[in-house]
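Q: Predicted model follows, preceded by the sequence.
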Amino acid sequence: MLLRNTKMSLKLLTRNGFRQSAARLPARRWSSSISQQPGSDSVRFPGAVNSKFTSEMAFLKASDLPAIPTYRVMDSDGHQVDKTRPAPDVTDAEVLTWYKNMLSVSVMDVVMFEAQRQGRLSFYMVSAGEEGITVGSAAALTPDDVVFAQYREAGVFQQRGFTLKNFMSQLFANSNDTGRGRNMPVHYGQNYPRMHTISSPLATQIPQAAGAAYALKLQDLQNPNRDPRIVACYFGEGAASEGDFHAALNIAATRSCPVVFICRNNGYAISTPTLEQYRGDGIASRGVGYGIDTIRVDGNDIFAVNEAMKEARRIALSEGGRPVLIEAMSYRVSHHSTSDDSFAYRARVEVEDWKRRDNPIIRLRKWLENQGLWSEEQEKETRDEMRKAVLKEFGEAEQESKPSLRDAFTDVYEEITEEQREQMTELKRILETYPDEYDLRPYKDGIKGLE
Amino acid sequence: MASSRNSLRSLARAPRRFYSGAPTPAAKLNLPIDYKTTPILHHTAASLSSTSEYPAGATSKRLNLYQAINSAMRTALSKSDRTIVFGEDVGFGGVFRCSMDLQTEFGSDRVFNTPLTEQGIAGFAIGAAAEGMKPIAEIQFADYVFPAFDQIVNEAAKFRYREGGTGINVGGLVIRMPCGAVGHGALYHSQSPESLFAHIPGLRVVMPRSPAQAKGLLLSSIFEHNDPVLFMEPKILYRAAVEYVPNEYYTIPLSKAEVIKPGKDLTIISYGQPLYLCSSAISAIEKTMPGVNVELIDLRTIYPWDRQTVINSVKKTGRAIVVHESMINYGVGAEVASTIQESAFLRLEAPVKRVAGWSTHTGLSYEQFILPDVARIYDAIKQTLEY
């Protein structure tokens, strides 16, 4: 009909056709489809409400907008920037715990990086420069909150009770590793306080965090006696280029999920600097685009991170649940991993400059010293103790047996399949037929593991 | 390193921790592959020039796999202004050094970093190819190709078919990715997803076994075919496999298998890194069972694959084993074995055997036990011969 009599049929379609067909639909009517009122000064299209009409054609230019400010509490000398505001709402004991947790991660990083260089483990990733973000944000969580992390969040694990023995068991993939010796080093995981086991693919955890937050929201609605929980989701600015990041923020916003997204913007995704990763005002500007409350904080300032996270947690649980985005700024002073030599793509002086100029640990140390809570002696003593503790757990974990060979096959399915069982029998036959070809001594239960 | 219980001193000397065991002192089969002597590689310029597929009288030099890929991309960038090279961290040379110095030589318009988005990289490459470019897109690890699955399966593979009479296609599109296990890559730095792509008509799936093969196959993928190619590079070979590689432009046909060792009693069909394991197992069996002669075929292109070379070989030998690293379930071995069964049933003296990864994930501590090794291939040959 359209083709034969376009003018007529269009008229029908607009004047009568649409309304008739709409009227035939059941009661479901689009709430935003109230048509434009004559003389209205603003848009009533379903996709944009409260937008004023304008006769001036002007493209929004990102570079004309002021950069989103960066929240800080403490300057790089460890002094409170705004003397008129109250001091950070934390006890001395808490701050000292934060400091020791940052220090512990940092001491472990130095030992394990060196151990990797010596060939004693295959891989390691330090989190130097990002301890303030991880420890400071984790300190604002309750044990019931759930964490989805990327791979540079050892500080979150440390702050939430992951012990040195836990770290070392995972790093050496031994029989005490909750990951059953299956994952590469630094892929930690813990059931409670819940921190899902790290997955190497980037950004996959971000939409999962939205779904998990939705689950917590529904469960907590169904059980009003329990304290409401949030999900904290960590990732880097490089991961924020993945489709999963965009999907996650959008679905979290539309489903009103109580999730706090924490982007660690450390300036580099392996070799790729932020200039080649994105244009626009960091990751924070994207939160606004998705209708998500957003803040940018100085990641070297643990007080700023902690205060922002506390407030973000409150917002996330308000109005029935809302996602929040925190962009925490830092600088990756380390190589990406032990597999990377970052001086192939950035100047050594740039790194040294950052190391010297600002660092979350040094900054908090200055603050503690300014408050009379810390001294050179305590620093030395604590570092020595930590190093000894790391080395002790290191030695024990390295000597511990590997898990049972059975665990090569378990957990793929809830139950081992009939096919897998046959494969295990076949593998056992091979191991028995060619005993000189395999060293089973490191494995718990040796060949019996396959029975 | 015999075991993790050994002295700390020997551990300190070890190149890396063996998460899944190490060769035992008494081992005769599961020894580390000696890439300096393996017959799979051309250790002399003379052996290279005696092979008909390589340009006669060409100059050559010793390159490892990543250098050969680099040489192929340099050749492609020089040969055609339409060639572009991109992916995550490609600008500084790539995490495996395959694109080293190319940005300096050809400029950042043609060799560049992308943001960290595999679906973006694949879609960008498809669009560029549809408008006449020859994009070589790098996915940093095959394990990370899955966000691009939609673009590859629904778009690249179906592009020509969907366009039909418009004639538009994505010829020249190559998506390169390092694949396979290295001994400590665990769940997400070990996978070989070739069978997932080989299931999709419209894609060519290629996996070279060596540096000289890689250069010829990659140039062929870029210039000789108008189909999208998934080019999978066994990353354990990047540094380990070194051989003479012709300096100039040459191509090796896609979808053409190669008999790399002739034999009369049994055919082994494989591709990529396991060919080295097959080669070791064959020399062991030919020593312990004198008179036995095993044929070894490199598929090279996994799909569309060279069925005739395989069928003809099995018709001759009457016995076949398929070897691949990836999981056995619904793997390449299933396709090859059933094709053999359909086409050479009356010539078969034994069931077609598959030696492949078990039906599980590549757990760090168990890699050695999950993936095929020389002992398992040796055992399969023995069983098939004695059937």
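A: Sure thing, it's come through.
Q: tell me the contacts of the closest residue in space to B:G120 that isn't next to it in sequence?
A: Spatial nearest neighbour of B:G120, excluding adjacent residues (C-beta to C-beta, 6 or more residues apart in numbering or on different chains): B:T114 at 6.6 Å. No exception for glycine: its C-beta is placed from N, CA and C like everyone else's. Neighbouring residues of B:T114 by C-beta atoms under 8 Å, 6 or more residues apart in numbering or on different chains: B:F86, B:G87, B:E88, B:V90, B:G120, B:I121, B:F124.
Q: and the gap between the residue lying closest to the fourth one once chain neighbours are set aside and chain A?
A: In space, not counting the residues next to it along the chain, B:V90 is nearest to B:S99; the distance is 4.7 Å by C-beta to C-beta, 6+ apart. Distance, B:S99 to chain A, using C-beta to the nearest C-beta, to the nearest Å: 11 Å.
Q: Contacts only, for B:S99.
A: Per C-beta under 8 Å, 6+ apart, neighbours of B:S99: B:N70, B:M73, B:V85, B:G87, B:V90, B:G91, B:G93, B:V111, B:E138.
Q: out of those, which one sits closest to A:E432?
A: Checking those against A:E432 with C-beta to C-beta, the nearest one is B:E138 at 43.5 Å.
Q: So what pairs up with the closest one in the strands?
A: In this entry, B:E138 is beta-bridged to B:G87, B:R176, by DSSP bridges.
Q: quick one: pLDDT of it?
A: Among the per-residue scores, B:E138 holds a pLDDT of 98.
Q: what does A:T54 give?
A: We have a pLDDT of 93 for A:T54.
Q: next helix or strand past the helix or strand containing A:V297?
A: Using DSSP states H and E, A:V297 sits in strand A:293-298. Next in sequence after strand A:293-298, counting helices and strands by DSSP H and E, comes helix A:302-316.
Q: coming back round to it: list the strands paired with the strand holding A:V297, with their directions.
A: Using DSSP bridges, strand A:293-298 pairs in its sheet with strand A:70-71 (parallel), strand A:324-329 (parallel).
Q: now the contacts of B:S99 as JSON lines including neighbour count?
A: As requested, the contacts of B:S99 are arranged in JSON lines below (neighbours: other C-beta atoms under 10 Å in any protein chain shown):
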{"residue": "B:N70", "neighbour count": "22"}
{"residue": "B:M73", "neighbour count": "27"}
{"residue": "B:V85", "neighbour count": "26"}
{"residue": "B:G87", "neighbour count": "28"}
{"residue": "B:V90", "neighbour count": "27"}
{"residue": "B:G91", "neighbour count": "23"}
{"residue": "B:G93", "neighbour count": "21"}
{"residue": "B:V111", "neighbour count": "24"}
{"residue": "B:E138", "neighbour count": "28"}
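Q: what mean pLDDT would you report for stretch A:245-252?
A: Here the average pLDDT along stretch A:245-252 is 98.
Q: go on, stretch A:83-90?
A: On average, stretch A:83-90 scores 96.
Q: Tell me which residues of it come out buried.
A: The neighbour-count check on stretch A:83-90 (16 or more other C-beta atoms under 10 Å in any protein chain shown) flags A:P88, A:V90 as buried.
Q: export the strand holding A:V297 as PDB, just CAs?
A: Extracted in PDB, the C-alpha atoms of strand A:293-298 (Å, rounded to 0.1, in the frame of the first residue of the first chain):
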ATOM      1  CA  ASP A 293      27.300   9.000  40.100                       C
ATOM      2  CA  THR A 294      31.000   9.400  39.600                       C
ATOM      3  CA  ILE A 295      34.100  10.700  41.400                       C
ATOM      4  CA  ARG A 296      37.800  11.000  40.600                       C
ATOM      5  CA  VAL A 297      40.200  10.600  43.400                       C
ATOM      6  CA  ASP A 298      43.900  10.900  44.000                       C
END
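Q: Now tell me what touches it from outside.
A: Outside strand A:293-298, the residues that touch it by C-beta under 8 Å, 6+ apart are A:68-72, A:282, A:284-285, A:287-288, A:304-305, A:308, A:311-312, A:315, A:322-329.
Q: give me that answer again for 6 Å
A: With contact meaning C-beta atoms under 6 Å, 6 or more residues apart in numbering or on different chains, strand A:293-298 is reached by A:68, A:70-72, A:284, A:287-288, A:304-305, A:308, A:315, A:324-328.
Q: ok, now stretch A:340-348?
A: The contact list for stretch A:340-348 (C-beta under 6 Å, 6+ apart) reads A:S271, A:H335, B:F92.
Q: From chain B, how far off is the second one?
A: Spelled out, that is A:H335. 12 Å.
Q: so which strand or helix has that residue?
A: Judged by DSSP H and E, A:H335 forms part of no helix or strand.
Q: want to try CSV for the strands paired with strand A:293-298, with mean pLDDT and mean neighbour count as columns?
A: As requested, the strands paired with strand A:293-298 are arranged in CSV below (pLDDT from 0 to 100; neighbours: other C-beta atoms under 10 Å in any protein chain shown):
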stretch, mean pLDDT, mean neighbour count
strand A:70-71, 98, 18
strand A:324-329, 98, 27
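Q: Is the closest residue in space to B:G331 that isn't next to it in sequence in a helix, a strand, or coil?
A: With sequence-adjacent residues excluded and distances taken as C-beta to C-beta, 6+ apart, B:G331 is closest to B:S195, at 4.9 Å. Taking DSSP: H, G, I helix; E, B strand; the rest coil as the rule, one finds B:S195 in the helix state.
Q: Quick check, pLDDT for B:S195.
A: 98.
Q: so how many other residues sit close to it?
A: 21 (other C-beta atoms under 10 Å in any protein chain shown).
Q: Could you pull out the helices in the stretch 251-387 of chain B for me?
A: Remark: helices assigned in the stretch 251-387 of chain B by DSSP state H, counting those that start in this stretch are B:274-288, B:307-317, B:332-344, B:367-370, B:374-385.
Q: Check the stretch 201-350 of chain A too.
A: Ranges of helices in the stretch 201-350 of chain A, per DSSP H, counting those that start in this stretch, are A:205-222, A:243-254, A:274-277, A:284-289, A:302-316, A:348-357.
Q: Deepest-packed of the ones you listed, please.
A: Mean neighbour count (mean count of other C-beta atoms under 10 Å in any protein chain shown) peaks for helix A:302-316 among those, with a mean of 24.
Q: who's in contact with it?
A: Everything outside helix A:302-316 that qualifies as a contact, by C-beta under 6 Å, 6+ apart, is A:71-74, A:88, A:98, A:132-133, A:136-137, A:139-140, A:230, A:258, A:260, A:293, A:295, A:297-298, A:322, A:324, A:326, A:328, A:360, A:364.
Q: now stretch B:32-48
A: B:Y54, B:S60, B:S210, B:A240, B:A241, B:E243, B:Y244, B:L275, B:Y276, B:S279.
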